[in-house]
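Colleague: Have a look at this prediction, sequence included:
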Amino acid sequence: MAPFHRWTPEVGPEFVALLHDRPEPQKDRIRADCLSILGNCIQPDTPASIDSQRAGLVLGLVQSGKTSSFTAVAALARDNRYNLVIVIAGTTTILQDQTHDRLKHDLGLDEMASMTRWALLKNPSKENSAGQALRAKIEQHRDATSEDDLFDLAIPLVVVMKQHLHLNNLNELLRDIGDLTSTCALVIDDEAHMHSPNVAAEGDQSATYARMRTLRSRLRVHTFLQYTATPQANLLAHIADELSPDFVYLLEPGQGYTGGEYFFVQKHDSFLETIPDSELYALFPEEFETHGAPPSLRAAFISFLVSCAIGRHAKEQEPLHSAMLVHPHSTTVVQGHWYQSVRSMRDSILLTLQARDNDPDRSAFLSSEVRTAWEDLALSNKDLPPISELVQPLVHVLKNLQVQLINSRSKQRSEVPWKNSRYWVIVGGNLMGVGFTIEGLRTTHMMRPVGVGLADTIQQRGRFFGYKDTYGSMCRAWLQADVDDAFVDYITHERELRKSLTEFANSDRPLQEWKRVFFLDARFKPTRRAAWKITMDGFKPEQTGWVQQSWLSREEAELELFSFNKAVISNFVESKRWKADPEMSGKTKSSTHTVSECTLAELRETLAELSFPGGDAQKFSALQLLLAMLSDEHPEHDTQCQVVRIASGDVRKRSPTWDAAKIDGRIVLHQGRSPSEDPNYRGDVEARDPDRITLQVHSITITEELSGANVENAIAIPFVAVYLPPQFRHDMLVQR
C-alpha cells in the first residue's frame, strides 16, 4: 500500500456558517480539529484504487461534544468537494432521532434554502422516498459536467440507524445505483464501539459488522471515521481488520467541560454519595412492593429539588433545563415501579409544602430532609440562601416538575419534550446509556451494579459528564461503591490511554503499529470479551509487590543476552556508593546486603538497557510502561528509589525447574527465611524500603540440579527484581 499523504482542506461557506454564532475560542478549537481530521481523510478527486479507502478513529470524552465535531467535519467535507456524507447513528430510535435532529438544527436544514446545500435522508432503501432521492442525487453528481451543473445541487446527508436491517437496505440501494467511483464519501460511525466491532467467533462475522464491511466495499473512494469516547473494542480489533483505524485524532474538550477528573478526583467527596448494599432489595419487584422506595432515592430526589430551588432563587440562566436521572435496573418492570415512586414523592412533598406554616409535617420536612440536602450542597457552594427563602421556589419546581419514563414499554420513548417544562426527572434503563443526552443533568441516582465489569460500558453510563462548570458544584450522584471504584479506576486508564495515543499520533505512523496497553484494574475488562481479537496478557506485581526476573534458556542467543546484561549491571553498580544495612541484612554472607539509591529516571534507563528473554520480556516491558506513568504522575519520587545489592554482590546458586527438553527453565530468585541458620533474617522479599520503589540486583550461577554442575556460560549472571509500594501498583493489559 502506498504511503498516505495528508492534504490541507479549505474553509468554505458551509463551515463558516456552522460556526457563525460560536465564541471565538470555540471556533478556533473546532476549526483546528476539523482541518486536522479531514486532512487525514482521503482527498477528494482521488482515483478509485486499493489506496482510496481510509479509516480513522476520533477519540473524545463522554458528553464532550463529539456530535458537534462530526457535524463540523461534515460541513467542511462539503466545502471540499465530498459529494456524499453518511452518518451511522444510534442503535435505537431515540438515539438516531437525537442525532438526526441535531444535524438538522446545526446545519440549518429547517430553512427552505437548505435544499440547495444538503439533502437530509433518513434510513434510505430501494422502496422509500429517501432512497429515491439518494439515487437521484448520486446520479446527478456523477453525471455533472460543469460547475454550473453543481451550482445548486445538494449533497446527500444520510442518517442511517446502526442496525443490520437498515444498513442492509442502504447497501442494496448502493449496489443498485452501480458505479460509485466518482463518489467521494465520508462515513461517520457515531458511538463506534457499539455493534460496529466484530463480536462473532473467530472466522465468523457479527451482523452489523458484516454490513459495515459491505458498505465500505460499495464505496470505492471514502473515509470511515469512527467517533467514540470509549475506544477499547475498536483498538482490540484484528490489526488487519477492515474497520481497524489507520489513524487516530484526539479531541480535547472545550472550556467548562466537567468529566471524570472533575467529578471523581477534584469534587469526589462532595459529588459522590454511596448507595448502601442494604437497599439492593429495590431491584426486585416483590421486595420493592413490600418495602417501598430505597431511602437514597428519596434523598437524591430532595437534593435535586433543593438544587433547582437554589438555582431559581438565584435566577440562574444556565442550564435552561434541570434534570435528574434515575437509572435503576435493566428490567422495565423495576423501572415502572421506580417511576411511580418518584411521581408519588413529587405529589406528596408538594402537598406537604403547601400546608399551613405551622403544620408539624411541613416543619419537620423542612428542618430535617430539606436541611440535610441544603447542608450537603453548602459543602461545595458558599452563601446559599436560607431555607426559609427556598420554600416558594421549591413549590414552583414541584408544580412544574415532569417525570418521564423512557424504556421499550413507555409511550414516550423516542424523545423528551424538553420545551414543556424546565424541570425533569427521567427514569429509564438501557436506553439511557450510550450517546443519550440529558439536558441540564444535576442529580443522578444509579442503582446499576458493575456486573461483569466492562470498563467502556460503565464509563458510558456517565451521563452526568458534560459542560457544567457553571453548576458543577451543585451536581450530585448516588452510586454503589463498586461503581464509584470503577469510575475512579477508569480515570487512570483513560488518562494513560489518551496520553499514549497522543504521543503515537505525533509519530506519523499507522495506528496498526501502536502497541495496545491498558492500565486497568484486574477486576474490570476493557470491553466485551468477544471483541478482543488481539491477544492481551495481564500484568500485575506479585502480592508482595515484586516483579522478578525468573526465566532463562540454554539457547546460545539467550545466553549471550546474559553476557550483555553483565556489562550493563556492572556499569550501574560501579557508578554507585554502597553502604551496609544491618536492619535489612542477616548474619550469613548470603544475607548480608548493601544499599544505595538511584533516581526513577536512572532505574528506567537501566531496565531499558537490559535484555529480558522469554516470558520476562513481556513482564518487564509492562513494568517499564508502568514506571513511565509513575514518573509523570509522581515527579517527587524521581530521587527516591532504593537499590539493594543482594549478598553484597556475592554469587548465589539456583537450580531451575526445567522443561521436558531441558532447554527452558525458571528460577525462584528470592531466598526465604531460614530460622535455624539465620533466625533474624526475614527473607529476600523484605530486602526493600517499604515506602520506595526498590531495585534488587542479584548475581546468580545456574546449576543443572540441586548440588549439580554449573550450566556453561550461566555463571555469575545478573538477575533483577523491582519492588513497588502499594500506592504505585497498577494492573495492566499488554498486547502480546
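Modeller: The structure has been received and is ready for your questions.

Colleague: where in the stretch 1-150 of the chain is pLDDT low?
Modeller: Within the stretch 1-150 of the chain, the ranges that satisfy pLDDT under 70 run 1-4, 148-150.

Colleague: how about the strands of the stretch 51-200 of the chain, start to end?
Modeller: Along the stretch 51-200 of the chain, the stretches classed as strands by DSSP state E, counting those that start in this stretch are 53-59, 84-89, 118-122, 155-161, 184-189.

Colleague: so which of those strands comes closest to Ser591?
Modeller: Among those, the nearest to Ser591 by Cβ to Cβ is strand 53-59 (51.2 Å). Where C-beta positions appear, they are placed from N, C-alpha and C, glycine not excepted.

Colleague: List the strands paired with the closest one, with their directions.
Modeller: Taking DSSP bridges as the criterion, strand 53-59 forms sheet pairs with strand 221-228 (parallel), strand 247-250 (parallel).

Colleague: These into JSON lines, with extra columns for mean neighbour count and mean pLDDT?
Modeller: Converted to JSON lines, those look like this (neighbours: other Cβ atoms under 10 Å; pLDDT from 0 to 100):
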{"stretch": "strand 221-228", "mean neighbour count": "26", "mean pLDDT": "97"}
{"stretch": "strand 247-250", "mean neighbour count": "21", "mean pLDDT": "96"}
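
Colleague: Nearest to Gly451 among those would be which one?
Modeller: strand 221-228 (20.3 Å).

Colleague: Now for this structure, the helix or strand with the poorest mean pLDDT.
Modeller: The least trusted helix or strand in the chain, going by mean pLDDT, DSSP states H and E, turns out to be helix 147-150, with a mean of 68.

Colleague: Just put the strands paired with strand 53-59 in CSV and tack on distance to Phe504.
Modeller: Below are the strands paired with strand 53-59 laid out as CSV (distance: least, Cβ to Cβ, whole Å):
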stretch, distance to Phe504
strand 221-228, 16
strand 247-250, 7
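
Colleague: Pass me the low-pLDDT residue ranges in the stretch 401-550 of the chain, would you?
Modeller: Using pLDDT under 70, the stretch 401-550 of the chain drops low at 408-414, 430-435.

Colleague: can you give me the helices in it?
Modeller: 455-460, 481-505 (DSSP state H, counting those that start in this stretch).

Colleague: Mean neighbour count, the ones you listed: which tops it?
Modeller: The highest average neighbour count among those, using mean count of other Cβ atoms under 10 Å, belongs to helix 455-460 at a mean of 23.

Colleague: From the rest of the structure, what touches that one?
Modeller: By Cβ atoms under 8 Å, 6 or more residues apart in numbering, the residues outside helix 455-460 that reach it are 62, 193, 229-230, 232-233, 260, 433-435, 450-451, 483, 486-487, 489-490, 493-494, 520, 524-528.

Colleague: how near is Phe284 to Pro328?
Modeller: Applying Cβ to Cβ, to the nearest Å, the value for Phe284 to Pro328 is 11 Å.

Colleague: Settle it for me: which of the two has more neighbours?
Modeller: Neighbours per residue (other Cβ atoms under 10 Å) separate Phe284 from Pro328, with Pro328 holding more: 23 against 16.

Colleague: Make CSV out of the strands of the stretch 51-200 of the chain and add distance to Ala323.
Modeller: CSV is the format used below for the strands of the stretch 51-200 of the chain (distance: least, Cβ to Cβ, whole Å):
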stretch, distance to Ala323
strand 53-59, 27
strand 84-89, 22
strand 118-122, 27
strand 155-161, 25
strand 184-189, 27
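
Colleague: Tabulate those strands (TSV), appending mean neighbour count and distance to Asp28.
Modeller: Shown next, in TSV, are those (neighbours: other Cβ atoms under 10 Å; distance: least, Cβ to Cβ, whole Å):
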stretch	mean neighbour count	distance to Asp28
strand 53-59	23	18
strand 84-89	26	24
strand 118-122	20	25
strand 155-161	24	26
strand 184-189	26	23
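
Colleague: how near is Arg652 to Met584?
Modeller: Plainly put, Arg652 is 16 Å away from Met584 if you go by Cβ to Cβ.

Colleague: residues contacting the residue nearest the centre of the chain?
Modeller: Central residue of the chain (Cα atoms, centre = their mean): Thr230, 3.8 Å from the mean position. Residues near Thr230 by Cβ under 8 Å, 6+ apart: 62, 193, 455-456, 459-460, 527.

Colleague: TSV please, covering those residues and showing distance to Leu76.
Modeller: Below are these laid out as TSV (distance: Cβ to Cβ, whole Å):
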residue	distance to Leu76
Val62	24
His193	24
Ala455	33
Asp456	29
Gln459	29
Gln460	27
Thr527	31
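
Colleague: and Gln696, that's in a strand?
Modeller: Yes - under DSSP: H, G, I helix; E, B strand; the rest coil, Gln696 sits within a strand.

Colleague: what's the closest residue in space to it that isn't next to it in sequence sitting at in phi/psi?
Modeller: For Gln696, ignoring the flanking residues on the chain, the nearest one in space by Cβ to Cβ, 6 or more residues apart in numbering is Ala721 at 4.3 Å. Ala721 adopts backbone torsions of phi -140, psi 140, taken as degrees, to the nearest 10.

Colleague: and the gap between Ala721 and Val547?
Modeller: Per Cβ to Cβ, Ala721 is found 7 Å from Val547.

Colleague: Leu121 too?
Modeller: Taking Cβ to Cβ, one finds Leu121 at 56 Å from Val547.

Colleague: go on, Thr372?
Modeller: Thr372 is 48 Å from Val547, by Cβ to Cβ.

Colleague: do Ile349 as well
Modeller: In this view, Ile349 and Val547 are 56 Å apart by Cβ to Cβ.

Colleague: count of neighbours near the residue nearest to Gln696?
Modeller: The local packing of Ala721 (other Cβ under 10 Å) involves 23 other residues.

Colleague: from memory it sits against Gly545, does it?
Modeller: No - counting by Cβ atoms under 8 Å, no contact exists between Ala721 and Gly545, whose distance comes to 10.2 Å.
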